[in-house]
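> how would this look folded up:
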Amino acid sequence: MRRILTIAALAVSLLAVQGPAFAQSPNIQLQVKPNLQIQPKLNQFKINKPPTIPRTIPLSVVTRNIQSQIANSRVLKLVPLPSGDIVATIKVQNQIKKVRVDGQTGAIQN
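Okay, here's the model as predicted:
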């Protein structure tokens, strides 16, 4: 309770002290207009990306090509790249390897 009374008394005294100062100087502008500069939006500047080449073969054909070319392989993950190629993560005899496959022809690139 004591803190509330102290804060209230402080607020009243500050308002009482501030009032006559404005009354004595009528030339003071009460409204201050800030000089703000508007920053350009970042979405206006687009980064030029290389065009994406769509792959022509489905992912099931990629899986079939890998399993036929590499004996005892198991395809774990297929990731299409913007260039149209596909990166496959495969498991061969307890080793994990990454193989790149051409997205147009389905040829395996080592």
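> drop to CA atoms for contacts and neighbour counts, all remaining ones
Noted.
> quick check, distance from stretch 2-18 to the centre of its chain.
Centre-to-centre, stretch 2-18 and its host chain are 48 Å apart (Cα atoms, centre = their mean, to the nearest Å).
> My error: substitute stretch 56-74 in the last question.
33 Å.
> just stretch 99-110 next, same as before
Taking the mean of its C-alpha atoms, stretch 99-110 sits 30 Å from the chain's own mean (Cα atoms, centre = their mean).
> in it, what's buried?
99, 100, 101, 102, 103, 106, 108 (16 or more other Cα atoms under 10 Å).
> Make CSV out of those residues and add distance to residue 70, secondary structure and pLDDT.
Output for the buried residues of stretch 99-110, formatted as CSV (distance: Cα to Cα, whole Å; DSSP: H, G, I helix; E, B strand; the rest coil; pLDDT from 0 to 100):
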residue, distance to residue 70, secondary structure, pLDDT
99, 10, strand, 95
100, 13, strand, 95
101, 13, strand, 94
102, 16, coil, 92
103, 18, coil, 89
106, 14, coil, 89
108, 10, strand, 91
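> quick one, strands of the chain?
73-80, 86-92, 95-101, 108-109 (DSSP state E).
> Show residues contacting stretch 100-110.
With Cα atoms under 8 Å, 6 or more residues apart in numbering as the test, stretch 100-110 has contacts from 54-57, 61-62, 65-66, 84-88, 99.
> Widest-spaced pair of those?
54 and 66 (20.0 Å; Cα to Cα).
> Residue 85 and residue 50: what is the separation?
14 Å (Cα to Cα, to the nearest Å).
> The two: which has the busier surroundings?
Taking other Cα atoms under 10 Å, residue 85 and residue 50 do not tie; residue 85 has more neighbours (22 against 8).
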